[in-house]
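J.: Dropping a prediction and its sequence here:
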Amino acid sequence: MESIEQTGNTVEEAITAALEALGATRDQVEIEVLQEDSKGLLGIIGQAEAKVRVSLKPTASNRAVEALSEIFRYMNVPAEAQVVREDEETVEVEIESPEDLGILIGKHGQTLFALQQLVNLMANKGQLVWKRIILDAQGYRHRREKTLQDLALSTAQKVKELGKEVVLDALLAYERRIIHITLEDDPSVTTRSIGEEPNRKVVIEPQLQP
């Protein structure tokens, strides 16, 4: 429910009832008074109730879902987007479909990442506080994260055995971050990024001992 019309003996009473129905606070909504209350004859006869329309203000999360719905319609992709987690800084959106979503994911998630950048711009336009929108499609991001963690650990082991650096294939920024984070507490190796986008790579090399 994004909007509700509510009546009450007074405008304030109608607003309070609408806020309770929406589960929102006054700063989260827009209020339109449709009809002021009137007392009528002797304060009883012909008394009219107040009527208001209370609508939730657009947020980054619902803007993200709306933007994705429009994109899916334009691409003729039978998919739905749903917010699965939200905090003060981040909104995580899962995209599901009865069909394979390879067209939205792309090679190594490049299309999904580009879509995420676009939705971030659309969802945060005009917002006072920027929220990071994170997209996943049919669990791809979590599977990719596990693959990259395994790659980081196996490559680090290879570096330890060979005693020399190994350069990984080009990765997206968030993928490189996963490699760095996975190995940041390993005292035997260190990581760094080299090259220019879109061919930036991660180097895993032995940690120099003092």
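T.: Happy to help now that I have it.

J.: going forward, measure contacts between C-alpha atoms and count neighbours the same way
T.: Will do.

J.: which helices and strands does the longest helix seen in the chain pack with?
T.: If you go by DSSP state H, the chain has its longest helix at helix 140-162. The contact analysis (3 or more CA pairs under 8 Å, 6 or more residues apart in numbering; DSSP states H and E) places helix 140-162 against helix 173-183, strand 189-194, strand 201-206.

J.: Which strands or helices does the last one pack on?
T.: Put plainly, it is strand 201-206. Counting by 3+ CA pairs under 8 Å, 6+ apart, strand 201-206 packs on helix 140-162, strand 166-167, helix 173-183, strand 189-194.

J.: Now do the last one: which elements does it pack against?
T.: Read it as strand 189-194. helix 140-162, helix 173-183, strand 201-206.

J.: Out of the ones you listed, which is the most enclosed?
T.: Stretch with highest mean neighbour count among the helices and strands packed on strand 189-194: strand 201-206 (a mean of 21; mean count of other CA atoms under 10 Å).

J.: Report the distance from that strand to the chain centre.
T.: Remark: strand 201-206 is offset 30 Å from the chain centroid, using CA atoms, centre = their mean, to the nearest Å.

J.: ok, now stretch 179-187?
T.: 26 Å.

J.: Quote the end-to-end distance of that stretch.
T.: 15 Å (CA to CA, to the nearest Å).

J.: Mind jotting down where the helices sit in the chain?
T.: 11-22, 60-75, 102-105, 110-124, 140-162, 173-183.

J.: Helix 110-124 and the second one, what's the angle between them?
T.: Angle, helix 60-75 to helix 110-124, by axes from the mean of the first three to the mean of the last three CA atoms, to 10 degrees: 130 degrees.

J.: Which one of the helices of the chain lies nearest to residue 133?
T.: Nearest to residue 133, of all the helices of the chain, is helix 110-124, at 5.6 Å by CA to CA.

J.: Now do the closest one: which elements does it pack against?
T.: helix 60-75, helix 102-105, strand 132-137.
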